[in-house]
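**Q** Pasting the sequence and the predicted coordinates here, then a few questions.
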Amino acid sequence: MAEVEAKIAKMGLYLPEPFKAPPGMVLPFKTVIVRGNHAYIAGHAPQAPDGSPAQPLGKVGSDLTLEQGAHAAMLVGLSMLASLKREIGDLDRVTQWLRVLGMVNVAPGFNSTTPVINGFSNLIVELYGPERGAHTRSAVGMAVLPLDLPVEIEGEVEIAV
Amino acid sequence: MAEVEAKIAKMGLYLPEPFKAPPGMVLPFKTVIVRGNHAYIAGHAPQAPDGSPAQPLGKVGSDLTLEQGAHAAMLVGLSMLASLKREIGDLDRVTQWLRVLGMVNVAPGFNSTTPVINGFSNLIVELYGPERGAHTRSAVGMAVLPLDLPVEIEGEVEIAV
Amino acid sequence: MAEVEAKIAKMGLYLPEPFKAPPGMVLPFKTVIVRGNHAYIAGHAPQAPDGSPAQPLGKVGSDLTLEQGAHAAMLVGLSMLASLKREIGDLDRVTQWLRVLGMVNVAPGFNSTTPVINGFSNLIVELYGPERGAHTRSAVGMAVLPLDLPVEIEGEVEIAV
């Protein structure tokens, strides 16, 4: 097994199935697009192993605690990696994480978006190391996210061709 | 006439004039920047044929219905295409849509940002087909958009050089 | 001294020290990542000369006036330039500004995000001129920003290699 995927297994984590949208929800876009040595990654949700949106849903700071929000952000990372693997075959092909837009569904007055999105960033740095896993980032609070997702993250990576 | 533009005409749609900002509004940036084989597309508004912000303005879920929001998102697509055409000459030069950030001006409690931004995605896939028109996307809810626009979308495409 | 930096000095402005996060805040990401001829710039804060978040903090439209918001956006530009300089050595190496996502921490009902982010755009165009300094942009209103920052901006530039 490839190195990054072996680390995921060793950490007791999982790469979820493709996103399972609720009945009636149409998603006319791709989760990952590869062109040249860049992969563009759509906004992803925290997902259960079967691909359905991970529970709990709602706003961080009221429906979810900060810690639950950070866990959800980590799960978003796994969803992105699962989509990447389906597209590029081997997660070890990522040569550099480039940019990440971390969006938190915030309750009024909740401004700790940084530690929430750290759940994602810590996972990526743990899996890819401090150089390849380094990324630029914004971690900001949204009025709403689709399906009342607590966290949604999109990004861009460089891959070996 | 080029293929994509012919489709737009056949669908009874229009490419609006350049954005007509309200008096006093200064926009010290470009709508499209081309470098190498990438075109970067600024956040665009839904526009009437003369370039003015399309009516109605306001929040989707209160001032606009979901259907009106999806129509506004489609109009944003046409605004982006009009700007692209002014910059690259021929819309058929787009070889791949890459990423799109779809921002919806949401009323409190409105979380159907996905079907709203589908108004944009469906147009692009219709015009460019399921491969060239495929794109990665986030569709999220903003606290506010400038001029109370109901939808604003930015993106990046690959073009033939 | 290089040209852009000389202009900054002549305008009486400053390049702040690296961002000084409050005690306990961990930032597991980089402010700038350079790959090939692109530099990816993380979301930056307005900073005082010593790197601490510039005062006042809070929401534009209540805690800050529009003018204070535009000044904060200009300070974000200086923070980004300071980070860029630390990474690429010479700010004159920037050959083209590409894209900017301008995020304003808005009070309810405040929708003048365009003139707020103009504080940033005007600085960049002043320093780099109307061609190199041109950029695509979105200027949008967030429910919340980390640390109650009034403005946060991320971006991407092309550099000479």
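**A** Ah, there it is.
**Q** Just the buried residues of the top strand by length along chain A, please?
**A** Criterion DSSP state E: the longest strand present in chain A is strand A:94-105. Buried residues in strand A:94-105, counted by 16 or more other Cβ atoms under 10 Å in any protein chain shown: A:94, A:96-105. For glycine as for every other residue, the C-beta is placed from the backbone atoms N, C-alpha and C.
**Q** could you check the angle strand B:94-105 makes with that strand?
**A** Angular relation of strand A:94-105 and strand B:94-105 on a 0 to 180 degree scale: 20 degrees, by axes from the mean of the first three to the mean of the last three Cα atoms, to 10 degrees.
**Q** Strand A:94-105 close to chain C?
**A** Yes. Contact of strand A:94-105 with chain C (Cβ under 8 Å from any Cβ of the partner chain) involves A:96, A:98-101.
**Q** Relative to the centre of chain A, pull out the residue lying furthest away.
**A** In chain A, the residue that sits farthest from the middle, by Cα atoms, centre = their mean, is A:Gly109; the gap is 24.1 Å.
**Q** Pretty sure A:Lys59 is one of the things it touches, is it not?
**A** No. At 10.7 Å, A:Gly109 and A:Lys59 do not qualify as touching, with contact defined as Cβ atoms under 8 Å.
**Q** isn't A:Leu98 right up against A:Glu158?
**A** Yes. Here A:Leu98 lies in contact with A:Glu158, judged by Cβ under 8 Å, at a distance of 6.0 Å.
**Q** Identify the contacts common to these two.
**A** Here A:Leu98 and A:Glu158 share the contacting residues A:38, C:35, scored by Cβ atoms under 8 Å, 6 or more residues apart in numbering or on different chains.
**Q** mind checking the SS state of the nearest residue to A:Glu154 once chain neighbours are set aside?
**A** Nearest residue to A:Glu154 in three dimensions, chain neighbours excluded: A:Gly43, at 4.3 Å (Cβ to Cβ, 6 or more residues apart in numbering or on different chains). Following DSSP: H, G, I helix; E, B strand; the rest coil, we place A:Gly43 in the strand state.
**Q** Whichever helix in chain A runs longest to strand A:94-105, inter-axis angle?
**A** Counting residues, the longest helix in chain A under DSSP state H turns out to be helix A:66-88. Angle, helix A:66-88 to strand A:94-105, by the same axes, to 10 degrees: 140 degrees.
**Q** out of the residues of strand A:94-105 next to chain C, who's near chain B?
**A** Contacts with chain B are made by A:Leu101 out of those, judged by Cβ under 8 Å from any Cβ.
**Q** Make a markdown table out of the residues of strand A:94-105 next to chain C and add pLDDT.
**A** A markdown table is the format used below for these (pLDDT from 0 to 100):
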| residue | pLDDT |
| --- | --- |
| A:Gln96 | 98 |
| A:Leu98 | 98 |
| A:Arg99 | 98 |
| A:Val100 | 98 |
| A:Leu101 | 98 |
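**Q** which of the residues of strand A:94-105 next to chain C sit farthest apart?
**A** Across these, no pair lies farther apart than A:Gln96 and A:Leu101, at 16.8 Å, counting by Cβ to Cβ.
**Q** Tell me where chain A has strands.
**A** With DSSP E as the criterion, chain A has strands spanning A:32-35, A:38-44, A:94-105, A:136-142, A:151-159.
**Q** quick one: strands adjacent to the third one?
**A** Spelled out, that is strand A:94-105. strand A:136-142 (parallel), strand A:151-159 (antiparallel) (DSSP bridges).
**Q** what's the angle from the last one to strand A:38-44?
**A** Relative orientation of strand A:151-159 with respect to strand A:38-44: 170 degrees, computed using the same axes, to 10 degrees.
**Q** try the shortest one
**A** Orientation note: strand A:136-142 sits at an angle of 20 degrees relative to strand A:38-44 (the same axes, to 10 degrees).
**Q** Show residues contacting strand A:136-142.
**A** Here strand A:136-142 makes contact (Cβ under 8 Å, 6+ apart) with A:98-106, A:110-111, A:113-114, A:116-118, A:121, A:152, B:140-143, C:29-33, C:40-43, C:101, C:103, C:142-146, C:152, C:154.
**Q** list the contacts for the residue farthest from the centre of chain A?
**A** With Cβ under 8 Å, 6+ apart, A:Gly109 has these contacts: A:Gly61.
**Q** Then the one 3 residues further on?
**A** Residues counted as contacts of A:Ser112 (Cβ under 8 Å, 6+ apart) are A:61, A:66, C:146.
**Q** Closest one of these to A:Leu78?
**A** A:Leu66 (19.4 Å).
**Q** which residue sits closest to the closest one, ignoring its sequence neighbours?
**A** Counting by Cβ to Cβ, 6+ apart, the residue nearest A:Leu66 is A:Ser112, at 5.4 Å.
**Q** What of A:Ser62?
**A** Using Cβ to Cβ, 6+ apart and skipping residues adjacent in sequence, the residue nearest A:Ser62 is A:Ala107, 3.7 Å away.
**Q** next one: phi and psi at that neighbour?
**A** Per-residue torsions, A:Ala107: phi -70, psi 150 (degrees, to the nearest 10).
**Q** and the gap between A:Glu3 and chain C?
**A** Counting by Cβ to the nearest Cβ, to the nearest Å, the separation of A:Glu3 from chain C is 20 Å.
**Q** residues touching the closest residue to that residue other than its chain neighbours, list them.
**A** In this structure, A:Glu3 finds its nearest non-sequential neighbour in A:Asp92, 5.4 Å apart by Cβ to Cβ, 6+ apart. When contacts are counted by Cβ under 8 Å, 6+ apart, A:Asp92 is found next to A:2-5.
**Q** Around chain C, pick out the residues from chain A.
**A** With Cβ under 8 Å from any Cβ as the criterion, chain A meets chain C at residues A:96, A:98-101, A:106, A:108, A:110-115, A:118, A:121-122, A:125, A:134-143, A:156, A:158.
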